[in-house]
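Colleague: sequence? don't have it. structure:
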């Protein structure tokens with residue numbers, strides 16, 4: 001059997017599993033999720049043995065220390081994976097819930113009800129914990145999932161999926177693609193008759209490649225060019241706290257800010273202060289002309305800097321003429337991920353929140369809060385910057401679709 005046939009058979013089996021999963025009620029799913037968590041803990045030694053193979057191969061391949069760290073599964077990280085599965089089990093099950101209902105004049109009763117999507121393909125890089133997170137979230141929502149992790153984590157991913165394959169779980173409910181051949185991805189992305197949704201998680205290059213090749217609907221998140229705008233009516237202490245957190249708490253993630261916008265009315269006072277604080281946190285500053293007049297250690301910001309997702313301790317800084325110019329900047333250069341305003345003026349804040357078209361907008365809070373767990377969703381499957389179906393942090397509800405259930409007593413169309 002060639003690769004094309006193998007991949008199609010894998011997807012057909014996942015489709016069959018999805019039909020079985022759609023029959024499960026919440027209690028049955030939650031019991032199996034708790035069993036999966038136990039399975040991960042009991043298989044810790046086997047998971048770490050598999051992980052050691054990946055780490056050894058990664059070192060020989062010259063992976064960076066940061067990549068090796070993301071790949072490593074310590075005792076603590078394995079326990080955290082199991083804890084995450086239990087947390088998903090404790091969340092309300094959206095499947096079968098009624099979104100809305102109404103009765104028409106002819107007497108038919110209509111309900112809009114949440115249902116599983118079907119088969120979900122997730123393509124991701126590096127972190128093996130995604131295998132557990134994605135597997136349990138998809139299972140909770142009655143979806144079969146096909147997981148195609150990076151080749152650097154193949155042994156770890158297979159071991160985690162095996163640990164989650166507990167008695168009572170329909171075969172092929174959680175499937176890790178067993179080959180590192182990149183051609184397998186191309187074959188999977190052609191199977192729009194078997195796979196209902198694709199969610200790529202990783203760098204911009206991976207996501208664009210998937211979106212360009214896929215016949216399956218793709219939920220995308222290309223990059224996070226996030227902003228904080230400090231308005232003329234901002235509290236300086238609050239603004240400094242938010243900016244430092246949004247840039248420095250974890251600079252290599254998608255909801256960290258890449259550009260700071262400051263109202264020209266407060267630039268003389270606030271910009272030197274925040275520049276000093278950022279420099280103390282080892283942030284490299286790149287500024288426009290007005291910024292560099294006030295901050296001696298800021299280098300020149302080129303046009304490309306306003307579009308850049310640095311994922312590092314680098315920050316572009318621009319002085320703007322009020323909230324309208326801040327919004328114009330975000331509209332032109334932003335990625336519709338997460339953007340914040342710091343101000344004490346309610347009307348200005350409402351203008352920003354209404355006119356900035358991003359998946360999350362914040363008033364007097366850090367963009368680092370753009371996260372499924374922070375929003376109370378439990379784990380998340382990713383953050384979508386699309387507008388259709390899912391937007392922002394994707395929790396359980398975003399892994400469902402809906403159908404209309406119509407009940408009558410003999411009505412026909414006239």
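Modeller: Sure thing, it's come through. Because the structure is predicted, anything quoted here is derived from the model rather than measured.
Colleague: List the buried residues in stretch 87-104.
Modeller: Under the neighbour-count criterion of 16 or more other C-beta atoms under 10 Å, stretch 87-104 has 88, 89, 91, 93, 94, 95 buried. Where you see a C-beta, it was placed from the backbone N, CA and C, and this is true even at glycine.
Colleague: same check, this time on stretch 165-184
Modeller: Neighbour-count burial for stretch 165-184, counted by 16+ other C-beta under 10 Å, picks out 165, 169, 170, 172, 173, 174, 175, 176, 177, 184.
Colleague: Residue 88 contacts residue 33, doesn't it?
Modeller: Yes: here residue 88 reaches residue 33: they are 6.1 Å apart, a contact under C-beta atoms under 8 Å.
Colleague: Against which helices or strands is the helix or strand of the chain with the lowest mean pLDDT packed?
Modeller: Ranked by mean pLDDT, DSSP states H and E, the weakest helix or strand in the chain is helix 65-71, scoring a mean of 86. In this structure, helix 65-71 makes packing contacts with helix 44-60, judged by 3 or more C-beta pairs under 8 Å, 6 or more residues apart in numbering; DSSP states H and E.
Colleague: Identify all contacting residues around the helix it packs on.
Modeller: Contacts with helix 44-60, where a contact means C-beta atoms under 8 Å, 6 or more residues apart in numbering, come from 40, 67-68, 71-73, 75, 78, 128, 152-156, 158-160, 162-163.
Colleague: Now do the longest helix anywhere in the chain: which elements does it pack against?
Modeller: The single longest helix within the chain, with elements called by DSSP state H, is helix 3-21. Packing partners of helix 3-21 (3+ C-beta pairs under 8 Å, 6+ apart): strand 119-124, strand 144-148, strand 174-176, helix 183-188.
Colleague: picking that back up, in TSV, list the buried residues of stretch 165-184 along with distance to residue 196 and pLDDT.
Modeller: Below are the buried residues of stretch 165-184 laid out as TSV (distance: C-beta to C-beta, whole Å; pLDDT from 0 to 100):
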residue	distance to residue 196	pLDDT
165	22	97
169	20	97
170	17	97
172	15	97
173	15	98
174	16	98
175	15	98
176	19	97
177	17	97
184	19	96
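Colleague: on that earlier part again, after the least confident helix or strand of the chain comes which helix or strand?
Modeller: Beyond helix 65-71 on the C-terminal side, the first helix or strand identified by DSSP states H and E is helix 75-90.
Colleague: Now that next one: average pLDDT?
Modeller: Helix 75-90 carries an average pLDDT of 94.
Colleague: Then stretch 225-236?
Modeller: Confidence for stretch 225-236, expressed as mean pLDDT, is 98.
Colleague: same check, this time on stretch 240-260
Modeller: The pLDDT scores in stretch 240-260 average 96.
Colleague: End to end on that stretch, go ahead and measure it.
Modeller: Using C-alpha to C-alpha, to the nearest Å, the end-to-end distance of stretch 240-260 comes out at 11 Å.
Colleague: Measure how far that stretch is from the centre of its chain, please.
Modeller: Distance, stretch centre to chain centre, for stretch 240-260: 17 Å (C-alpha atoms, centre = their mean, to the nearest Å).
Colleague: And for stretch 58-73?
Modeller: When distances are taken as C-alpha atoms, centre = their mean, stretch 58-73 is centred 22 Å away from the chain's centroid.
Colleague: same thing with stretch 283-301?
Modeller: Put simply, stretch 283-301 sits 32 Å off its chain's centre (C-alpha atoms, centre = their mean).
Colleague: Then stretch 400-414?
Modeller: 35 Å.
Colleague: what does that stretch contact?
Modeller: 94-95, 99, 106-117, 141.
Colleague: and residue 255, what does it touch?
Modeller: 224, 226, 337, 338, 367, 368, 369, 370, 371, 383.
Colleague: what's the burial count for the fourth one?
Modeller: Pointing back at residue 338 there. When neighbours are counted by other C-beta atoms under 10 Å, residue 338 registers 32.
Colleague: Kindly provide the distance from it to residue 227.
Modeller: According to C-beta to C-beta, to the nearest Å, residue 338 stands 8 Å off from residue 227.
Colleague: just so I have it, where are all the helices in the stretch 301-414 of the chain?
Modeller: Taking DSSP state H, counting those that start in this stretch as the criterion, the stretch 301-414 of the chain carries its helices at 303-307, 322-333, 346-355.
Colleague: will you turn those helices into JSON lines that also has distance to residue 148?
Modeller: Shown next, in JSON lines, are those (distance: least, C-beta to C-beta, whole Å):
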{"stretch": "helix 303-307", "distance to residue 148": "29"}
{"stretch": "helix 322-333", "distance to residue 148": "32"}
{"stretch": "helix 346-355", "distance to residue 148": "38"}
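Colleague: Return the most buried member of the ones you listed.
Modeller: Mean neighbours per residue, mean count of other C-beta atoms under 10 Å, is largest over the helices of the stretch 301-414 of the chain for helix 322-333, with a mean of 18.
Colleague: For it, give me every contacting residue.
Modeller: 225, 227, 229, 231-232, 259, 261, 263-265, 306-307, 318, 320, 339, 341, 343, 348, 351-352, 355-358.
Colleague: In PyMOL, how would I select the buried members of the contacts of residue 255?
Modeller: In PyMOL syntax, the buried subset of the contacts of residue 255 is picked out as below (16+ other C-beta under 10 Å):
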select buried, resi 224+226+337+338+367+368+369+370+371+383
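Colleague: Please parse this structure into its domains.
Modeller: For the chain, automatic domain parsing gives the domain ranges 3-222, 226-369.
Colleague: mind giving me JSON lines with those and columns for distance to residue 391?
Modeller: Converted to JSON lines, the domains of the chain look like this (distance: least, C-beta to C-beta, whole Å):
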{"stretch": "domain 3-222", "distance to residue 391": "9"}
{"stretch": "domain 226-369", "distance to residue 391": "5"}
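Colleague: out of the ones you listed, which comes closest to residue 379?
Modeller: Closest of these to residue 379 is domain 3-222, at 5.0 Å (criterion: C-beta to C-beta).
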